[in-house]
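Trainee: Mind folding the following:
(2 chains)
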Amino acid sequence: MDRSSADLLPGTLDLLILKAVSLGSLHGYGVLLRIQQITQGALSIEQGALYPALYRLERQRLLTSEWGTSSNNRRAKFYRLTTAGRARLRSEAAGWNRLVEAMAAALATRARET
Amino acid sequence: MSWWRRLIGRWRRSRFEREMAAELQFHLDERVSDLVRQGLSPHEARRRASLEFGGFEGYKENCREAAGWMFLSDLRADVTYGLRRLRQSPGFAAAAILSLALGVGANTLVFSVVNSLLLRPLPVAQPQELFFLQSDRGPSHSFPLYRDLRDRTGSVASLAGYRISPMNLVAGPDRALRVWGYLATGNYFTLLGVTPAHGRFFGPDEDRVPGGHPVAVLSYECFRTRFLGDPDIVGHPIAINGQPYTVLGIAPPGFHGTERFYHAEIWVPMMMQAQIEPGNPWLEHRNTANTFVVGRARTGISFEQIASAIDIVAADVDREQASTERTRRYRLASPGLIGDALGAPVRAFTFGVQALAGFVLLVACLNLAGVLSSRGADRARELAIRLSIGARRSRIIRQLLTESLLLSVFGGIAGVALAFAGARLVSAWRAPVGFPIALDVTIDLTVLLFGVIVSTIAAVMFGVAPARQAARTDPNTVLKSGGVAGSAFRRRRWSFQDALVAMQVTLCCALVAACFLSLEGLRRALTMPLGFNPRGVTMAGADLGLSGYDQARGQDFQRRALDALRHLPGVESVAYANSVPLSIDQSRTRFRPVDQQTDSRAEPVSAIYYQVSPAYFVTMGTRLLGGREFDWHDDAGAPRVAIVNGAFARAVMGTSDPVGRRVQYGRDRVEIVGLVEDGKYEVLGESARPVVFWSAAQSYNSTTTLLVRSTLPEDQVVRDMQRAVSALDPALPVYGAGSLTEMLRFALLPSRAAAAALVVFGVLALTLAAVGIHGVVAYAVARRRREIGIRIAIGAGPAAVLRLVLGRMGWLIGLGAAVGLALVFVGANLLQSIVLEASPRDPKVIAAVVLTIVCLAIAACWSPARRVAGRDFFPQI
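Mentor: Coordinates of the predicted model:
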C-alpha cells in the first residue's frame, strides 16, 4: 500500500464499507478494491480488519449476504445493502459531512490578536 | 436447555466456521492472483498477501465476536465458573441438587402415571376419533341394544362391542390356565385400525352365527410367553374352555386391547359368548347390560352430534320394545378407562396427587430461592467488584442464572433418573388379584419434555428473583461497608425472604395436613366395620363352567369340595359363594320397593347380590342380626328364600325387621329368612348399600369361590386347599387362591398408595422447610451480630434478644400456618378425592398439623436461638 496513506479514524471503516457496497453487490475482496478505488488509495486498511466489520454490519442487518461466483470463477460471499443499511448510510454520511465542515471551519480559523 | 438444541447450535456453529474460513481464504486467493498478474512470483505473491492481510486467527476471533458467536463462549465461561462455585460449596450443591431431584422426580413420576393412564393415546389408528359409549345408567349396554345402535347410527359413527372375560386356556399338557381376554364383535379390529404381527384378525364374517366361529387372536405377550413366540401357532387350534379354537393371528406388541389398565391375552368373536361364558348366555337378553361399546366417529362428525344421534335411536328402540324404564341419555367418553366409571376417580386421584407433588417442588424452589438469596448477599462484595470494574448488570444476572440453571440441570437429570426407577417399579407391579391389572408406565418423550419443563420452571422460580436482587447491589455502598450488603438492599431482601418463609410454611402446612388426613383415612379404613371378619379366612376360586361342568355336575362338585375342605386340619367352617365382598367381581340386580310395587314408573332399587352356600356367614364372620342362615334344604325344590342386609331391608322393604316378610323378584315371591349386618361390598369408601344373598342351592352359579375359616397359618391353608381341589379335578384351574386379608390389601391399595405418596411428600416438604427456615434465621442472627451485641451490652436480657431475633420469624410461621390451614379448608374437596373417609375439618387432624408446624418452628430456630440466648454469645462490637 501507499506509504503516504492515512490511518482510518474510528467509525469510518463502517461508513466506507456501506458506501462501497451501496454502489453494487460485492464480495469482501471487492469491497477492499472498491474502497481503494473511491479513496484513490488515500486510506490504508489492514485487509483482515475488513471482515469483523462486515460481520458486524451483517448482524446489525445493514448488510445481507449470499454465496455466488466471482469473476475468477471462485465461490465467494457477496454483500448487499439492506434498506436499513441504505438509511444508515444516508444519516452517517450527513453526520460525517457536518463533522468535516465543522472541523474544517475550526481548523481554518487563524490566530487573532488577543 | 435440551441436548438437541445444543446439537443444532453446534452444527450451526461449525457451518459458520466453515463459511468464515472459506471467505477469508477466497480473499487471500484473489489477492494472490492480482499480485501474480502484477508480475510477482506465486511464492512472493502469497507472502505479500498474507502480510497485507494481517493476523488471520485474530481476525477470525473478531469475526466470531462480531457475528454474535461470543454468546456461546460467554456461556461456556459462565458454566465453567458456575461449576467451580458449586464445587467450592459441595454441601450446598448436594443439598440443592438432591432437593430438586426429589421435587422433579416426584412430579415426573406422577406425570408419567397420568400420561400412561390419561394422556397417551391408545396404540390404534387416529386415536382422536375413538370414543367409549356410556349412558347415565352406566358404562355397559345390552347386546341387542348395541346391535340396534350399530345398525342405525352407521352414518355418524361405527360401533364395536366387547366384553372383558376370563377363559380357561390349555397351553401344553396339564397346563390349564385362567387367562383374561375379550369377546369382541367382528368389526372390532377394523374399527381400531391395528395391524396384526402375524396372521390376520377375525372380521365380521367370523362373527355371524352364535357358537359357529371357534377362532381366536392372541396378544403378542401371550404369544411370546405362553406359546414361546412360535409363529407356527397361527392356523393351529388351541384349547379354550375345553374346545378347540383356531389361532388366526397375533396382535402387534404393545396392543393390549381397549383398556389402559388391563392386558388382555386372547380375543374371541362375540358370537362365541355362550361357549366362553357357559351357563350364562346373554347375547339376546335386553335386560343384561354386559357389552362395552367403543366407537369411531366418521370424518367431520363431532362427538356431540353422535351422542344426540344415539339418544334418538335409543329412544326409538325403547318405544319399539315398549320399555317402561326411563329413557337413557348417552355421552361419549375417551376410551381406555371404561368411561367415567373408572375415568372420573382416576382423573381426580392422579390430578390430586400431581397437585401435591407440585407443592413439594414449590417448597423446594422457595427454599432454594431463600438460600440463593442469602448466598447472593454474601457474594455482594464479589458482585460489587465485578460491577465496579465494568461488568454489566445483565451480564451478572446471566451468570447467576447460569448457576441456578446448572443446579436445575443436575437436579432435573437426577430427578428424571429417579422417575425412571419409579416407573419401572410401577410397571413391574402386579396387583395381587386374579385379574391382570397392569400399568404401562414408561418415560416417553412427553414425560421427558415434562421433566425438562418442570426443571426449567424450577430454575426460573428459584433463580430469577435472587439474581435480580443480587445484581441490584450498589457497588459504592457495599465496598464502603466492608462487604456487607448496603442498607437499601437489606430492607428489600429481608422482605423477600420473609415472603419465602411464609410461603414455605403455608405449603408445608397443606402437605402435612394432606399427609395426616391420608393416614387418618387409612387408620379408619383398617379399623372400619367391613361386615365380615377377614382374619383366618382363606379362599380359592374355580370356574366350573369354563371347564365344561353343567349345573348338576357343578353342584355336585361344589358339595364334594366342601366335604374335602371340611376334613382339612384346623378348619372351623367351610362355605362357597359366587364372589365375596370387596373383590373385583360384583354383580347387581334390581328390586322394586315393596310399597311401590304397583307403581310401574317407580325407580327400582339396585342391589348387589351374592349366591352363597350354607355356613357362609359363619365362615365370613358376618353377624346374623335375625332369622337363620341357609341350609341344604333351601334347594331348587323348596320355596325361594333370601337373606338381606340392613340397608336392603330399609330401602326395599321399608322396615328394619324384614325376617318372615316377602319381596317380589321377577315372578317369584321370595321369603326373607335372615337379616345380616351392613358391610362394605364394592369399595371401602361406600356408604351402606342394599345387598341380597341367594341360596346357592337354589340359584346356581358356576363361578365358585371356596372359603375356609381355619386356625392354622393362612399360607398353609392355601396350599392345603389347592391340593384338595386338584385332588377332585386335576384339570380344573384354581385362581385367586389366598387369604381374605391379602385380597383386602387390594381394596386398600388406592388409600395405601395415597398415604405412602403423601407421607413421602409431607416428610420431604417438612425437611426442606426446616432446613430453609433454619438457614434464614441463622443468617439473620449472623448478620445482626453487632446490633445484638450492642443491645446486650446496654442491658438487653436474653428474652428481649430472642424476641428481636425470633419474633418476626414467629409471626411469619404463624401467618404461613394460618394461610395453609385456610387453604386446606378450601381445598377439602380436592383432598377428599384422594383420601378416604377423613374430613380435613377433623379437629384431631388440625391439632396434629398445628403441632407439627410448632415442632418445625422449634427445630428450625433452636440452634440460632440458643446461640443468641446463650452466655457465650458476646460478639465483638
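
Trainee: Tell me which residue is most central in chain A.
Mentor: A:Leu16 (1.1 Å; C-alpha atoms, centre = their mean).

Trainee: part of a strand, is it?
Mentor: No - using DSSP: H, G, I helix; E, B strand; the rest coil, the assignment for A:Leu16 is helix, not a strand.

Trainee: Could you check how many residues crowd around the residue lying closest to it once chain neighbours are set aside?
Mentor: Nearest residue to A:Leu16 in three dimensions, chain neighbours excluded: A:Ile35, at 5.2 Å (C-beta to C-beta, 6 or more residues apart in numbering or on different chains). From N, CA and C alone the C-beta is placed, and that goes for glycine too. Neighbourhood size, A:Ile35 [other C-beta atoms under 10 Å in any protein chain shown]: 20.

Trainee: ok, now B:Glu572?
Mentor: Counted with other C-beta under 10 Å, the neighbours of B:Glu572 add up to 14.

Trainee: a strand runs through it, doesn't it?
Mentor: Yes - B:Glu572: assigned to a strand according to three-state DSSP.

Trainee: residues in contact with the nearest residue to it once chain neighbours are set aside?
Mentor: In space, and not counting its chain neighbours, B:Glu572 is closest to B:Arg709: 4.6 Å by C-beta to C-beta, 6+ apart. By C-beta atoms under 8 Å, 6 or more residues apart in numbering or on different chains, the contact set of B:Arg709 is B:Gly536, B:Val537, B:Val571, B:Glu572, B:Ser573, B:Val574, B:Val618, B:Thr619, B:Met620, B:Gly621.

Trainee: Compare these and tell me which is most surrounded.
Mentor: Neighbour-wise, the contacts of B:Arg709 (other C-beta under 10 Å) top out at B:Thr619, 27 neighbours.

Trainee: Verify the stated contact: that residue with B:Leu706.
Mentor: No - taking C-beta atoms under 8 Å as the definition, B:Thr619 is not a contact partner of B:Leu706, at 9.9 Å.

Trainee: which neighbours do these two share?
Mentor: Residues touching both B:Thr619 and B:Leu706 by C-beta under 8 Å, 6+ apart: B:Val574, B:Ala575.

Trainee: for chain A, what's the longest helix?
Mentor: In chain A, with assignment by DSSP state H, the single longest helix is helix A:83-108.

Trainee: gap between the residue of the stretch 401-550 of chain B found nearest chain A and B:Gly541?
Mentor: Scanning the stretch 401-550 of chain B for the residue nearest chain A gives B:Thr402, at 23.0 Å (criterion: C-beta to the nearest C-beta). Per C-beta to C-beta, to the nearest Å, B:Thr402 is found 61 Å from B:Gly541.

Trainee: Pull the residues that contact stretch B:845-857.
Mentor: Contacts of stretch B:845-857 (C-beta under 8 Å, 6+ apart): B:505, B:508-509, B:512-513, B:516-517, B:520, B:766, B:769-770, B:773, B:809-810, B:813, B:817, B:820-821, B:824, B:838-839.

Trainee: check contacts around B:Thr299.
Mentor: Contacts of B:Thr299 (C-beta under 8 Å, 6+ apart): B:Glu129.

Trainee: So it belongs to a helix, correct?
Mentor: No - B:Thr299 is assigned coil when assessed by three-state DSSP, not a helix.

Trainee: Kindly spell out which helices and strands sit in contact with the longest helix of chain A.
Mentor: helix A:12-22 (3 or more C-beta pairs under 8 Å, 6 or more residues apart in numbering or on different chains; DSSP states H and E).

Trainee: Which SSE is immediately downstream of the helix it packs on?
Mentor: Using DSSP states H and E, the helix or strand that follows helix A:12-22 towards the C-terminus is strand A:26-27.

Trainee: in its sheet, what does that following strand sit against?
Mentor: Looking at strand A:26-27 with DSSP bridges, its partner strands are strand A:75-81 (antiparallel).

Trainee: Can I get the partner strand in CSV, CA atoms only?
Mentor: Only the C-alpha atoms of strand A:75-81 are listed here, as CSV (Å, rounded to 0.1, in the frame of the first residue of the first chain):
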residue,chain,number,x,y,z
ARG,A,75,-17.0,-19.3,-4.8
ALA,A,76,-17.4,-16.0,-2.9
LYS,A,77,-19.7,-14.4,-0.4
PHE,A,78,-21.4,-11.3,-1.8
TYR,A,79,-22.7,-8.5,0.3
ARG,A,80,-25.6,-6.2,-0.5
LEU,A,81,-27.0,-3.2,1.3
